[in-house]
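Peer 1: no sequence on this one, just coordinates:
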């Protein structure tokens, strides 16, 4: 399970097939562990082997799962809803559970984080090569209007990847006691920021700014807050100019914005996607059109386009109705409470506490960008979210009082 998790983290941005292979190996290893623990005579050993208590997150997850199952017969595409229930919803929860099972010591925690840093270094190098040569190394993808996408499908997807990990990388740089490690992580942090700027993803930039300011507020360190504000000012100054020079889609054509403010606030057809989602919600208000059946519904209704809503709350409501939205809001609140409890439990360990702040702010950035784009429908980005949640919930496992 441990080796497969590390491999999955490395392949997460690059290969759907290798992600599936790693998850299959993790599942087989977990089943073998389950078989061996069931053979042990001690009930205490069996319970400890499967101990996972996400607290208040259990009931909203159960409620969402039941809602998906009960609405499958009414879905616009039942076969797809069933498939995605097993390959998306249960897969995400199982990944979170496996992460909490694998990370049982400080050493494993930091090895998982080190693999994440290595993965994002490769992603950043691939994106920089794409910007320099015009094509990426991994998938040979070209630039999109001067915007880098690296190994991901779209620059906005790469932006989500980056903003999710950047607060954690900064937290690791702050925690590093050795100047060598701090210098290496700081260089990686700056490289990731440059790549984020080259994505010209305005939603990701907004999420980055909010998450970094939130991290500075959590740390309550005046110098760190000042450095973050200066960093954001320089970032938006440099890459704002770059964005206006390269993203001609923002100001070319009839009705395009003419000022800098209008260029950065232009929704880029999102208004159409939001209106479409609201129309679907009005047609299926209570239980939605079916889990993961949004695109099929647009085809059936002859809307004229098959784009996702570019807003996670509208996406959830369109597919699972107002009931599903309430359940997911319940889950988000429960996640916030559980994350806060975990950070409070590790408050005596400064490095783990700061790391908890970084991971939490990364999850916040993911959530903010999901309100403006489509990470909710992306396998890679959704797995990254639940991976980060699993790491966050694992932090208190490394407490000395746990016997580690």
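Peer 2: Good, I have the coordinates. Model, not experiment: these values are computed from the prediction.
Peer 1: Can you find the helix or strand in the protein with the smallest mean pLDDT?
Peer 2: helix 43-49 (a mean of 55; mean pLDDT, DSSP states H and E).
Peer 1: Which helix or strand lies directly C-terminal to that one?
Peer 2: helix 58-71 (DSSP states H and E).
Peer 1: Please compute how far that following helix lies from its chain's middle.
Peer 2: How far helix 58-71 lies from its chain's middle: 21 Å, per CA atoms, centre = their mean, to the nearest Å.
Peer 1: avg pLDDT for that helix?
Peer 2: The average pLDDT within helix 58-71 is 94.
Peer 1: Packing partners of that helix?
Peer 2: With contacts taken as 3 or more CB pairs under 8 Å, 6 or more residues apart in numbering; DSSP states H and E, helix 58-71 sits against helix 312-345. Where you see a C-beta, it was placed from the backbone N, CA and C, and this is true even at glycine.
Peer 1: So what's the gap between the helix or strand following the helix it packs on and the chain middle?
Peer 2: Going down the chain from helix 312-345, the next helix or strand is helix 350-370, by DSSP H and E. Put simply, helix 350-370 sits 11 Å off its chain's centre (CA atoms, centre = their mean).
Peer 1: Counting by contacts, list what whichever helix or strand comes after helix 350-370 packs against.
Peer 2: Note on helix 350-370: by DSSP H and E, the next helix or strand toward the C-terminus is helix 379-394. Judged by 3+ CB pairs under 8 Å, 6+ apart, helix 379-394 is in contact with helix 16-39, helix 90-102, helix 106-133, helix 155-175, helix 312-345, helix 350-370.
Peer 1: so which of these gets nearest residue 280?
Peer 2: helix 312-345 (4.5 Å; CB to CB).
Peer 1: Can you name every helix or strand that that closest one contacts?
Peer 2: So helix 312-345, by 3+ CB pairs under 8 Å, 6+ apart, packs with helix 58-71, helix 270-283, helix 294-301, helix 350-370, helix 379-394.
Peer 1: hmm, try it at 6 Å
Peer 2: Helix 312-345 sits against helix 58-71, helix 270-283, helix 350-370, with contacts defined as 3 or more CB pairs under 6 Å, 6 or more residues apart in numbering; DSSP states H and E.
Peer 1: and that helix with helix 294-301, angle?
Peer 2: 170 degrees (axes from the mean of the first three to the mean of the last three CA atoms, to 10 degrees).
Peer 1: Go through the helices and strands packed on helix 312-345 and pick out the most buried.
Peer 2: helix 350-370 (a mean of 24; mean count of other CB atoms under 10 Å).
Peer 1: quick one: contacts of it?
Peer 2: 160, 163-165, 167-168, 171, 174-175, 203-204, 207, 210-211, 214-215, 218, 312, 339, 343, 346-347, 376, 385, 388, 391-392, 395 (CB atoms under 6 Å, 6 or more residues apart in numbering).
Peer 1: what does stretch 157-169 give?
Peer 2: Contacts of stretch 157-169 (CB under 6 Å, 6+ apart): 120, 149-150, 152, 189, 192, 196, 199, 201, 204, 207-208, 211, 215, 358-359, 361-362, 365-366, 369, 375, 381, 384.
Peer 1: What of stretch 217-233?
Peer 2: Contact partners of stretch 217-233, identified using CB under 6 Å, 6+ apart, comprise 209, 212, 216, 357.
Peer 1: Next, the residue lying closest to residue 269 once chain neighbours are set aside: phi, psi?
Peer 2: Excluding the flanking residues, the one nearest residue 269 by CB to CB, 6 or more residues apart in numbering is residue 307, at 8.0 Å. Note on residue 307: backbone dihedrals following degrees, to the nearest 10 are phi -80, psi 150.
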